[in-house]
Structure formats: C-alpha cells, structure tokens
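[1] What follows is a protein structure lacking sequence information:
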C-alpha cells in the first residue's frame, strides 16, 4: 500500500477492539502508552479489557445498530481473537478500516482453508485430510494414519474440539466427539520441539519478527514459552522467513502468531496461524522495548513499526485455573513480572494471568 | 509495621488515585497489570488518567460528599502529586488506608519544613534561610548569598514560583515575584551534576532503590534522565543510603524521588524530596522488569516489592510543549519507546509525553 493511502490513527485517536479478554486488555494498555484511546466491543459485561478502556460497547457481534455506533466512535478497528464472525468484520469494514482483513480472518478460521493456504505457499504442514463423514475418517487414517488428531475445522482453541487417535479403534469415538461438524484429520508427526514466531506487518508491507519462542503445551494449552528457542541459526532464519512469507501472502496487517514444529532434521512444519497477538508473545512486554501489543497497535494504526529487538532472555509461564493462587510467591520472585487479567473467578483451563521471568 | 497489620489490596481490588495527570495514568496502567482496578479522583474532566481507569470521580478536593463516596469505592488510596491538601488526605485516612501519609505529604509540601527535616537527619542541603519579609531576604543574602534562588515555600513545581538572584540588585525584583507568599532563599552551590534516586518503601519497612539517574534540567524543567549516572560507586552507595534513610525517617510508604546534587568532591547535597512517582524514574518502565509505577502500587497495596534491578542502560527524554510534534520520528527510532499522555493540546512548558531509548 502506498503510504499516502495508509489509514493512520494518530495519538489522540481511538482504536476499536473486538473482544474484551486479556488480549484486548493488553492491547488497550499498549494503545494507552501511545496516547490512543481504546473502545472495546464485547458481548460480555465486566470483561477484563473494559476496565482499562475509555469506551465499552457491550453488545452481540451481529447487532448491526451497535456495530454501526461502534464504528462511528472509533478511527480504526482490530480484533483480539480469530473467531470474530467474518460478516461482522465485513460490516465494519464498510464503515472504518479493519485490520486484519475479513479475508485473512476467514482463512485462519477454517483449518482446511488455512492448511491449504499454507501448502499453496510451498510451506509444509503435517499431513492432513478433510473429514466430513466417518468414511472420510477411515480413508484418511489409512492414508496418513493410524495416529493423528481429529479437529473441528472451525472454532477450536486451547485443545477444545480435538480428539486424539492413537489406533484405528479410537476412530469411532473420536468421530462422535465432532458432533458431525466438518473436521480435519492431522497426521502424527514426530517433532523435536514447538516454536512460534510473532510477526508484524505494517500497512506499508514492512515486516518485523520477534525472536522465535520455544513452547511447552500440556493438555492442549500453552504452559510456557522460553526465548531464545533452542534451535540453530539456520532454523531460526527459516522460521522468520516462513512467518514473513505467510503474512505477506495474506496481505496481513497487524501482529500474528505462527506456530511451528521443528523436526529432528531442523526442518519446519507449520502447525497453525493465529491472526492476532499471541500468548507465546507475552514475553515481549518485558523482553523488548516494544511489545507485540504495541506493535499490533502501531500496525493497525498505520504507524511505524517498532524494533522487535530482544534485550533479555525470558521465560513466560501461563497461570491456568488454580495456578493463579501462587500470585503472592510470584510477586516476590526476583526479576519476575506478574500479569493478572482481572478475571474474577478461576476455573480449570481458564487463563488467569501469566508471569515473565527475565533470565 | 507487623505484616499482620498490613493493609493489603489484593488482585481484584481497587486502588484510588488522587490526581488524573500522566503520573496517575501510568500508575493506573501499572495497577492494571496486577489485576487491580484504578479509580481516579480529579477535579478536571477528561483528565489523562480517566481514559485508562475503571472508575472516575470528577470533583473538587474539598468536596467531602464526593471524597466519602470515593473512599467507599476503593480499598486504598494514593496520590500522584505532592500538593494534595493535607486535610483531604486526613479526611480520607479516616475512611481508608492512605499512602503516603498526610504527615509525609505535609513535610514535602513546605520547602522550609522539608529542608529542616532533611538537615535533622544529618543530611546536607544547600544553605537556606526562611524569607517572610524583604528584610529577611537581605539578611539571608548577606548570610549565604549573594547568589541564590528565592522560592515560594509551597506549591512550586517545574520552575514555577522561583526567582534567581545573581547579585544584590536582583533582590527587590525577586522578592516582588513572591507576592508576599512565605518563601525560602536557597544559596548557590557549585555542583558537578544532578542525580535522583527513586526509592520505594513497603508497609513492612522494606526499602528498594533503583539506580540513580543523572538529570539535565532547562528552564527549571527536567529534559533528560540518563542511567547509569556518571558517578563513582561510592557516591552511588551514598545516594541510595540517603534516599533510604529519608524514606525511613518519614515512615514513608510508596515510591518517592530524591533529587540530589553531586559536588566536585563526590559528596551529596539533597535538593528536594518528591513524595510520589517521579519524572526521573520513567526510564524504569523499559529499563527494569518492575517499573517505579508498579513498585508504588505494590507498596501502597501492601504487596511484596519487586526487584529494582536494571537490565539496560537508558536515556529518557521529556517531550515538552511542541517537542511532542516529533512523535513520528520517535516512533521510528530504533530501541525507543514513546509514551504520550493523551493530553489534547500542547502548551509551552506542558509535559506531553516522554521517550525512553535503551542503550
């Protein structure tokens, strides 16, 4: 995009954010540093982001009257989560600049479209097959199985909407958990480690990547990200190149997270794209002068991207469910920054906060 | 104070902040990280801090009905500026914990009381004399002059309420600018550099100091703070000891800034105490895992203090008046974090934002 055509939100302006969870909250805090007000649009009353934002519209994502008023109150719009209905993004885009685009969101919302898109760029994914029927599943398992993970094509996150298959006997039970929703079988791959790249792309096409983090998941939920990842320079360079290539091919504007598996030979397989700020990038708040949250705000507002240089090594640990009860210990731990999201009640699997320890 | 007697505001609680300027704004942002809501009390509509806070009471500092309601809505109270009326602090302290105490604020509000307090601790200040009458001034100038600065005892900041005296001929004009307000003459001292220590003291008496910053002022307003200051280890240790001693002697809770002059022999002379987070500590946002703002919130909330360890050298530059027009250049500068305070209009001498460059 020509800089003259860029949609610039200047300090003093207002950024609209769809979604009011912790990512929206940290985006609003980052916007505030730049003198930009945040206006949250979220169906849930008392959501974490609303407590730190100048504006809050509590309404459904298909309420056109409220969406219209929201668009009228802000200068540009972004989202904190990938499952915003694409129709909502398109409705808003007729009124105000929306980044990332509805088109980029749609690709990332469907695991089949996403994997097909990644493969079209010449980038590897795990082997995969569409699964609409039980016959499809059996055929897919004989093709790429017998081990794999069956996932709904849409709306899964943090291990939800997923069923592991370890042998053909698991197929029927796994299929049943899908409730006849369109699904995809991902074949098992024997990876060495999981990493992710947080990539930012500006309205002018400029691309900036943070150093890859190395991730540890448990029960489908991220537990810990460590930077730097224990990978070779060559693998690091490939990871950054892949993330940049995907952002460019999507004509993406904003920050996105690209999860990858590192194979034993150092080659990379893309697991998924998250078209938003990403849990594996939370370490950037303390580890860099400009965090992923501010970087996203800069991109969406058409402002120059900041340097993604990392000044410290770091370990970010998620506080999930009862983990948050350790807050007094974490507050007293040297070199540790505790982030709590202002969610009232801790429930199993709920992300309540995180702690970043500088190394 | 015994830990059992500590007034603890836990995550999920609300901190009340008197004053809604940039310091209140950055305090509110720091509280948000810890899952603590901010409620701003400020007489000015649309003040910077109100845009990032869950609650806002727009009322005068002597409005007892509104102060009462404010106290009822929060768990503890602090202030972003030293000139809050001590009566307001006392009124609130009957209802909720207030830190720093009205007593500590009162000492810092009066330049004579402040200097007398500092000297009572055996700590040097510039020579000074009370000036209530023109005769007092002439006597003071013959005692400690003829060079010095005449300052109102109360309510001066950023060079306001001050008049330089370079010879006896300046005395009458300087005295006239005081408008018969009680004043103090500070004698000229030939210092080598200006430094400041940001010291935090917890409810349990624990003291943590950030590394001294070296400050450059112009026209009575801070322009730049650099860390580390160019001082010997011995001077650094003395500076930290002085700051800690003053915080303890005031039974202070929270963060305060202690400005000092470094003399040519390396000895230290205290210039003033600011009983609040301090402009010369803004570099801690990027330079440390725990900023002065979060440290203050922790102290006031009775939470463990964080490590003041500095991971990077830094230069903080204030954006005063039109300086803020350079924001596009500053956004694009490598390793630079720009902070804008959300004040609409730039006026000469008004602090509009700051930029911290990591070195």
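    It's in. Treat the numbers as computed from the prediction; the structure is a model and nothing was measured. Residues are numbered from 1 along each chain as shown, chains lettered A, B, ... in the order given.

[2] quick one: contacts for the residue in the stretch 101-250 of chain A that chain B sits nearest to?
    In the stretch 101-250 of chain A, no residue comes nearer to chain B than residue A:206, which is 10.5 Å away by C-beta to the nearest C-beta. From N, CA and C alone the C-beta is placed, and that goes for glycine too. Residue A:206 sits next to residue A:305 when contact means C-beta atoms under 8 Å, 6 or more residues apart in numbering or on different chains.

[3] do stretch A:182-202 and chain B meet?
    No - on the criterion C-beta under 8 Å from any C-beta of the partner chain, stretch A:182-202 is out of touch with chain B, staying 11.0 Å away.

[4] Show me which residues of that stretch are buried.
    Buried residues in stretch A:182-202, counted by 16 or more other C-beta atoms under 10 Å in any protein chain shown: A:182-189, A:191, A:193-202.

[5] if we can go back for a sec, any idea how far residue A:36 is from the residue of the stretch 101-250 of chain A closest to chain B?
    Residue A:206 sits 20 Å away from residue A:36, going by C-beta to C-beta, to the nearest Å.

[6] likewise residue A:315?
    From residue A:315 to residue A:36 the distance is 30 Å (C-beta to C-beta).

[7] Look at these two and report which has more neighbours.
    Looking at residue A:315 and residue A:36 with other C-beta atoms under 10 Å in any protein chain shown, you find the greater number of neighbours at residue A:36, namely 27 against 19.

[8] and that one, what pLDDT?
    Listed pLDDT for residue A:36 reads 98.

[9] what's near enough to touch residue A:349?
    So residue A:349 contacts A:158, A:219, A:221, A:320, A:321 (C-beta under 8 Å, 6+ apart).

[10] Please report which of those has the highest neighbour count.
    Result: residue A:320 is most packed of the contacts of residue A:349 (other C-beta under 10 Å), 22 neighbours.

[11] who touches the lengthiest helix in chain A?
    As assigned by DSSP state H, the longest helix anywhere in chain A is helix A:233-249. Here helix A:233-249 makes contact (C-beta under 8 Å, 6+ apart) with A:117-118, A:121, A:123, A:195, A:197-201, A:205, A:207, A:209, A:211-212, A:228-229, A:231, A:252, A:256, A:258, A:260, A:262, A:266-268, A:270, A:273.

[12] Inside strands: which ones of those residues?
    The members of the contacts of helix A:233-249 that map onto strands under DSSP state E are A:195, A:197-201, A:207, A:209, A:256, A:258, A:260, A:262, A:268, A:270, A:273.

[13] Would you confirm that residue A:160 contacts residue A:219?
    No - using C-beta atoms under 8 Å, residue A:160 is not in contact with residue A:219, being 10.7 Å away.

[14] Surely residue A:109 touches residue A:88?
    No - here residue A:109 does not reach residue A:88: they are 11.9 Å apart, not a contact under C-beta under 8 Å.

[15] Who has more neighbours out of the two?
    Comparing residue A:109 with residue A:88 by other C-beta under 10 Å, the one with more neighbours is residue A:88, at 22 against 19.

[16] tell me what the helix or strand where that one lies is packed against?
    Using DSSP states H and E, residue A:88 sits in helix A:86-93. For helix A:86-93, the packing partners by 3 or more C-beta pairs under 8 Å, 6 or more residues apart in numbering or on different chains; DSSP states H and E come out as strand A:14-18, helix A:64-73, strand A:76-79, helix A:102-109.
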